[in-house]
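Engineer: I would like to see how this sequence folds:
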Amino acid sequence: MDKLNFMSMTCNLRLTPFESANDKMIKKAAAKALGIEESSISAVQINRKSIDTRRREPIIDMSLTIYQGSEEPEIFKKTVYNNVEQAQSVLVVGSGPAGLFAALRLIEKGMRPIIFERGEDVHKRKVSMASITTNRVINPDSNYSFGEGGAGAFSDGKLYTRSQKRGDVSKVLSQFCQHGASLDILSEAHPHIGTDKLPQVIENMRNTILNNGGVVMFETKVTQLLYKGNQVIGLVTQKGEEFHGPVILAIGHSSRDFYQYLSTTNTKLEAKGIACGVRLEHPQALIDQIQYKNPQGRGEYLPAASYSFVTQAHNRGVYSFCMCPGGFVIPAMTDNEQVVVNGMSPSLRNGKFANSAMVVEIRSEDLDGDDTNPLKMMAFQSKLERVCYTKGGSNLSAPAQRMADFVNGKVSADLPESSYILGLKSADLATLFPQFISARLKEAFATFGRQAHGFLTNEAVMIATESRTSSPVRIVRDPQTFQAVNNDGLYPCGEGAGYAGGIVSSALDGINVADAVIARYR
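Structural biologist: Modelled structure (predicted):
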């Protein structure tokens with residue numbers, strides 16, 4: 001772009017929701033703030049947009065770049081990908097955000113990724129997930145946790161992260177936009193793509209990989225690594241096929257079978273702190289009233305309200321996580337004798353309910369057993385999920401309790417309407433969870449109820465259990481080379497390796513690990 005043909009300047013605006021929804025009003029307000037003619041503005045780029053709800057009337061804060069001149073601005077910088085069909089191969093296990101962004105980085109820098117995904121492609125995966133609802137049967141390799149796009153593909157597509165020090169967040173967001181995500185994610189304070197739109201974005205990323213000489217193999221489960229001494233030289237699939245090359249291990253936080261395998265090798269593993277609790281669901285209209293401080297709710301120009309809570313209860317953090325305005329509670333189990341819940345929401349966030357994980361921090365010392373056992377936290381997760389399966393009636397229904405009833409120690413006589421399509425069964429969650437979880441949840445809910453009047457209510461329902469918030473295992477790696485300790489040639493990355501949490505941080509970790517592989521092998 002010829003930068004001499006236009007001028008740019010920045011300004012900050014505080015607008016009403018109505019004004020912020022009207023491009024002409026934004027342009028007029030920007031011209032006034034900058035003291036320029038409105039007719040001289042050729043383009044307006046929103047750099048940042050957030051809602052200030054501290055006052056009775058919400059205000060929209062906007063940071064803008066204003067352009068004057070004949071050229072259209074470049075909203076984001078596109079990544080150029082190379083044809084790598086004849087380049088050296090790198091084996092990538094998993095096609096979640098860590099694996100996908102590692103593969104895209106390899107192509108950008110001239111190496112050929114071969115992706116191994118145990119689950120189905122993102123479209124066939126929908127059929128397997130539908131079977132959970134219609135037949136109450138779980139495909140252990142293709143479900144809400146496994147398959148193309150990973151666990152985040154059908155969980156709202158939240159892109160908010162605090163991981164600014166991990167790498168270039170703007171590059172990750174730009175690559176999403178390059179593959180079809182809305183440009184809004186470049187400016188929103190808490191960007192999300194939406195469960196309805198993210199699958200197409202993921203498919204477009206896959207097509208970029210294929211069109212530039214990479215390989216993607218679905219329904220191809222990796223069962224073991226190939227070793228030469230302490231060096232990983234390749235992998236073996238469930239079909240017995242061998243592939244050779246350095247291995248980027250982006251397996252995802254629910255890959256319990258592979259953690260079990262790694263524990264039999266020389267790989268150094270350690271138990272990692274996790275968080276467990278419930279998925280808490282309110283009517284969205286109630287959350288709108290609370291957050292916007294208006295009994296009429298959000299009105300026409302404000303989005304479905306979200307919330308974020310955090311407190312300390314008996315020296316452990318209790319917090320909301322993965323909040324889904326206008327969303328649905330979904331079954332996230334990976335086996336037929338588990339009950340695990342998560343949340344998702346479409347891009348418009350226009351559902352009747354708001355849901356969020358409400359979880360308690362758990363450390364190794366909170367649990368009985370050997371603290372040196374790297375699979376200790378994983379075993380706790382698994383046991384809790386089986387208990388919920390039994391308490392839910394052994395048909396994938398979920399045990400549940402009204403929120404105020406739980407705090408007051410009362411089993412709910414009935415349960416409110418819910419978005420969880422497999423059904424709820426009334427249970428005493430205080431006895432379902434260990435006391436160190438239930439007591440902290442009760443204390444935290446009382447705190448949150450004081451902070452936001454109306455939040456602690458029997459209109460809200462707690463659905464158990466939310467247990468897959470992060471990996472229970474860390475695959476220990478060298479902080480400089482990113483290689484697994486005692487495993488030259490093995491590069492663990494992303495949430496499943498214990499080094500990320502969420503789409504963006506996983507993508508950044510995938511990029512960093514790919515850079516380490518490139519530096520070593522290209």
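
Engineer: which residue, neighbours along the chain excluded, lies closest to Tyr259?
Structural biologist: Nearest residue to Tyr259, sequence neighbours excluded (Cβ to Cβ, 6 or more residues apart in numbering): Val473, at 4.8 Å. C-betas here are computed from N, CA, C, even on glycine.

Engineer: neighbouring strands for the strand of greatest length in the chain, and are they parallel or not?
Structural biologist: Taking DSSP state E as the criterion, the chain has its longest strand at strand 316-331. Applying DSSP bridges, strand 316-331 is found paired with strand 310-313 (antiparallel), strand 341-344 (antiparallel), strand 353-362 (antiparallel).

Engineer: for the ones you listed, which one sits closest to Met217?
Structural biologist: Ranking these by distance to Met217, with Cβ to Cβ as the measure, places strand 341-344 first at 26.4 Å.

Engineer: from the chain's centre, how far out does that closest one sit?
Structural biologist: 10 Å (Cα atoms, centre = their mean, to the nearest Å).

Engineer: also stretch 314-321?
Structural biologist: With Cα atoms, centre = their mean, you get 19 Å for stretch 314-321.

Engineer: domain ranges for the chain?
Structural biologist: 3-69, 89-269+475-521, 273-466 (automatic domain parsing).

Engineer: quick one: average pLDDT of the second one?
Structural biologist: Confidence for domain 89-269+475-521, expressed as mean pLDDT, is 94.

Engineer: just the pLDDT at Met7, thanks.
Structural biologist: 82.

Engineer: show me where the stretch 351-500 of the chain has its strands.
Structural biologist: Along the stretch 351-500 of the chain, counting by DSSP state E, counting those that start in this stretch, strands occupy 353-362, 398-402, 424-426, 461-466, 473-475, 490-492.

Engineer: of those strands, which is nearest Leu15?
Structural biologist: By Cβ to Cβ (comparing all of the strands of the stretch 351-500 of the chain), the closest turns out to be strand 353-362, at 25.0 Å.

Engineer: so that closest one versus strand 461-466, what angle?
Structural biologist: 50 degrees (axes from the mean of the first three to the mean of the last three Cα atoms, to 10 degrees).

Engineer: alpha carbons only: can I get strand 353-362 in CSV?
Structural biologist: These are the backbone C-alpha positions of strand 353-362, laid out as CSV (Å, rounded to 0.1, in the frame of the first residue of the first chain):
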residue,chain,number,x,y,z
PHE,A,353,-29.8,-18.9,29.0
ALA,A,354,-26.4,-17.7,30.2
ASN,A,355,-24.0,-20.3,31.5
SER,A,356,-20.5,-20.4,33.0
ALA,A,357,-18.2,-22.8,34.7
MET,A,358,-18.0,-22.2,38.4
VAL,A,359,-14.9,-24.0,39.6
VAL,A,360,-12.6,-24.5,42.6
GLU,A,361,-8.9,-24.6,42.4
ILE,A,362,-7.5,-28.0,43.3
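
Engineer: buried set for that strand?
Structural biologist: Within strand 353-362, the residues that count as buried by 16 or more other Cβ atoms under 10 Å are 353-362.

Engineer: ok so, going back, Throw the strands paired with strand 316-331 into CSV and include distance to Gly69, thanks.
Structural biologist: Compiled in CSV, the strands paired with strand 316-331 are given as follows (distance: least, Cβ to Cβ, whole Å):
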stretch, distance to Gly69
strand 310-313, 46
strand 341-344, 43
strand 353-362, 44
